[in-house]
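Novice: here's my sequence, what's the structure:
(one chain, ligands or ions: 1)
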Amino acid sequence: ALANPDALIKQIYALQVTDHARSLQVLAQLNQQAANLTPAQQWQMRYLNAWEVMYQGDYAKSEAMLSDVIERSGNQQLANHASAALLSQLGAARHYTEAFELANRVAARLPQVTDAKDRRLLLSNLSQVMGSAGQTDLAVRYARMAMATVPAGESQCYPASILVEVLYYGKRLKSDSPELQQAFEACPVTTVSLYNTNLQLILADLLLQEGQPRKVLALIDRIQPRIDTNGYVPARLSALVDRASALAALGEDDAARRLASAVVAEGKSGDIDAWLKEAYEVLYHVEKKQGNAAAALGYYEKFAALDKAYLDDIHARALAYEAVEQHVLAQKLETEKLSQQNADLRTQQQLDAKTAEANRLYLALLLMALGFGALWMFRLKRSQLRFKRLSHLDGLTAIYNRQHFMGEADRALRQSEKRKGAACLAFIDLDHFKRINDSHGHATGDLVLRRVVDACRQHLRIADLFGRLGGEEFGILLVDCSSEQGVAIAEHIRATIEATVVELDGVIVTVSTSIGLAFTDGIGHDLHRLCTEADAALYRAKHDGRNCVMTGVESLAMA
Ligand SMILES: Nc1nc2c(ncn2[C@@H]2O[C@H](COP(=O)(O)OP(=O)(O)OP(=O)(O)O)[C@@H](O)[C@H]2O)c(=O)[nH]1
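Specialist: Model (predicted):
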């Protein structure tokens, strides 16, 4: 097993463009141990292998591999790297529609890509794709954004190279353009030879266009060793064809033909068509110059076919770009429609929420009103009841007043009659009460009346009725009470009143009472008859010297 796979993976990243051959060795070493790697490391390896396949030019295979990493690795950073790689190779493989679609997805995701390195990478490749679509302005903008994203101390090489490329393909670059100079400074041959070589080849093309073939040859002589070491096919073919063009321009036809033929010998379909086209152009010019009309025509036809294909390709890119843009526009409109619908929905929801809140408020108000209403009703009822109760009571002593006593006594007697119970009616009248008023004042008289009520209460049960019948006269209906019990209770009451001492302002007042009794035992439950009887008994008690209990004549006779 490998000691530190992560370190080796890192090493591959570092070596990819600086020492490609060495990076391949490390990659092979790790691939042998793939089974021992963690799933995360295995995804890293899939990405690195995809990158290598792309480097070798097998775009069909690398496209599938990179898509797999983007969709399934679950590693956002790795997906960013794979997206960047796929972007550049979809363009190279002329899968323009896919490239522009991916570009749109990447551009949409850019705000979420916070890692500076990833951002720079994605922006650079977006720039490349836009450049290939002929959108030079956009491509330049992305490239400059990528350069602005480079973290301090990091190399500007990659975005600076992309900027040069897009300017070159947009025909906005000259051999002395500051952007090219800047890129050379950012991509020193010592650290990033591959990028430096690419820049040199671009410079070679520019020098050719500017009519400086000698400079081109000198330049290619200088970089040829590196090209041979790297083994990057496009670089090798580009150098070959540039050299052929330069030699042709210098009139060195044989050498030019030899080199151009070498490029043609490698001629396959795909990526090398650009150099093949240039090679046929060189051969056409050489043969024409030499007077080989038939050969010249043959090369010209081949050149024209490739040139048409090249122009068609540019046209296809523009069309694909347009199509994707239209699609994106349609999607955007759809999204806007959707977001409008969402906004409408939100407004509706807010409205609903407001309505619901208003309803809740109304309900709360209603409940409150009902609550207050109920409270008010309750209070009203309570005060009504209180008034009613008060209207039944005597103001001074708070026992039943005459009217209520009589009503209640009548009811109680009828109930008693139904269950054949016995009851006893007592009329109590204070003796010489007028004298108390006269000697001690009305207030003392009132106090005496209240104390008399208290004294009587001590001997009453809950069911008994007690009322004030007049000034100093009281009535008591003792329910479920025999005549003996009635006489005993009346006697107790009389004794208690006699014993009661009322003191007011240092003056001591006592009072006695006369009581007349009538019993249902003798005369039945008719209140009127009982009252007459009790009254007669009281009258006798008064005449018999007061401070005593008397029973009704008839009652007694019956008893
Ligand atoms: N202090 C006070 N006196 C009252 C009240 N109601 C009636 N009286 C007085 O009670 C007295 C009743 O006097 P009378 O009817 O002559 O009877 P009495 O003085 O008790 O004499 P006898 O009943 O014959 O023993 C009157 O002087 C009334 O003014 C009251 O609410 N408070």
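Novice: contacting residues around Val113?
Specialist: Val113 makes contacts with Asn80, Arg119, Leu122, as judged by C-beta atoms under 8 Å, 6 or more residues apart in numbering. C-betas here are computed from N, CA, C, even on glycine.
Novice: I should have written Ala409 there, sorry.
Specialist: Ala409 touches Leu425, Leu465, Gly467, Gly475, Leu477, Leu527, counting by C-beta under 8 Å, 6+ apart.
Novice: go again using 10 Å as the cut-off
Specialist: Tyr400, Ala423, Leu425, Leu465, Gly467, Gly475, Ile476, Leu477, Val479, Leu527, Leu530, Cys531 (C-beta atoms under 10 Å, 6 or more residues apart in numbering).
Novice: quick check: which ranges of the stretch 251-400 of the chain have low pLDDT?
Specialist: In the predicted model of the stretch 251-400 of the chain, residues 267-273, 327-339, 341, 370-375 satisfy pLDDT under 70.
Novice: find the closest residue to the ligand in it.
Specialist: Of all residues in the stretch 251-400 of the chain, the one sitting closest to the ligand is Leu396 (5.7 Å; C-beta to the nearest ligand atom).
Novice: and the gap between that residue and Ala443?
Specialist: 11 Å (C-beta to C-beta, to the nearest Å).
Novice: look at these two and report which has more neighbours.
Specialist: Using other C-beta atoms under 10 Å, the more surrounded residue of Leu396 and Ala443 is Leu396, with 14 against 11.
Novice: the more buried one in helix, strand or coil?
Specialist: coil (DSSP: H, G, I helix; E, B strand; the rest coil).
Novice: so it sits against Arg450, correct?
Specialist: Yes: checked against C-beta atoms under 10 Å, the pair Leu396 and Arg450 is within contact range at 6.8 Å.
Novice: tell me how many other residues crowd Arg379.
Specialist: Neighbourhood size, Arg379 [other C-beta under 10 Å]: 11.
Novice: for it, list the residues it contacts.
Specialist: The contact partners of Arg379, by C-beta under 10 Å, 6+ apart, come to Arg386.
Novice: same thing with Met130?
Specialist: Neighbouring residues of Met130 by C-beta under 10 Å, 6+ apart: 87, 91, 99-100, 103, 107, 136-143, 166, 321.
Novice: which SSE is it in?
Specialist: Assessed by DSSP states H and E, Met130 sits inside helix 116-132.
Novice: buried ones in that helix, by neighbour count?
Specialist: The neighbour-count check on helix 116-132 (16 or more other C-beta atoms under 10 Å) flags 117-132 as buried.
Novice: quick one, helices of the stretch 151-300 of the chain?
Specialist: Ranges of helices in the stretch 151-300 of the chain, per DSSP state H, counting those that start in this stretch, are 157-169, 178-186, 193-209, 213-230, 233-249, 253-265, 273-290, 293-392.
Novice: can you point out the buried residues in the shortest one?
Specialist: Put plainly, it is helix 178-186. Those would be Glu179, Leu180, Ala183, Phe184, Ala186, for helix 178-186 by 16+ other C-beta under 10 Å.
Novice: ok, the third one next?
Specialist: Along helix 193-209, the positions that meet the burial threshold by neighbour count (16+ other C-beta under 10 Å) are 193-208.
Novice: can I get it as PDB, trimmed to CA atoms?
Specialist: Output of helix 193-209 as PDB, limited to C-alpha atoms (Å, rounded to 0.1, in the frame of the first residue of the first chain):
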ATOM      1  CA  SER A 193       6.700  25.500 -19.400                       C
ATOM      2  CA  LEU A 194       3.600  24.200 -21.100                       C
ATOM      3  CA  TYR A 195       1.800  27.600 -20.800                       C
ATOM      4  CA  ASN A 196       5.000  29.400 -21.800                       C
ATOM      5  CA  THR A 197       5.300  27.200 -24.900                       C
ATOM      6  CA  ASN A 198       1.700  27.900 -25.900                       C
ATOM      7  CA  LEU A 199       2.300  31.700 -25.600                       C
ATOM      8  CA  GLN A 200       5.500  31.300 -27.700                       C
ATOM      9  CA  LEU A 201       3.500  29.500 -30.400                       C
ATOM     10  CA  ILE A 202       0.900  32.300 -30.400                       C
ATOM     11  CA  LEU A 203       3.700  34.800 -30.700                       C
ATOM     12  CA  ALA A 204       5.100  32.800 -33.600                       C
ATOM     13  CA  ASP A 205       1.800  33.000 -35.400                       C
ATOM     14  CA  LEU A 206       1.600  36.700 -34.800                       C
ATOM     15  CA  LEU A 207       5.100  37.200 -36.100                       C
ATOM     16  CA  LEU A 208       4.200  35.200 -39.200                       C
ATOM     17  CA  GLN A 209       1.200  37.300 -39.800                       C
END
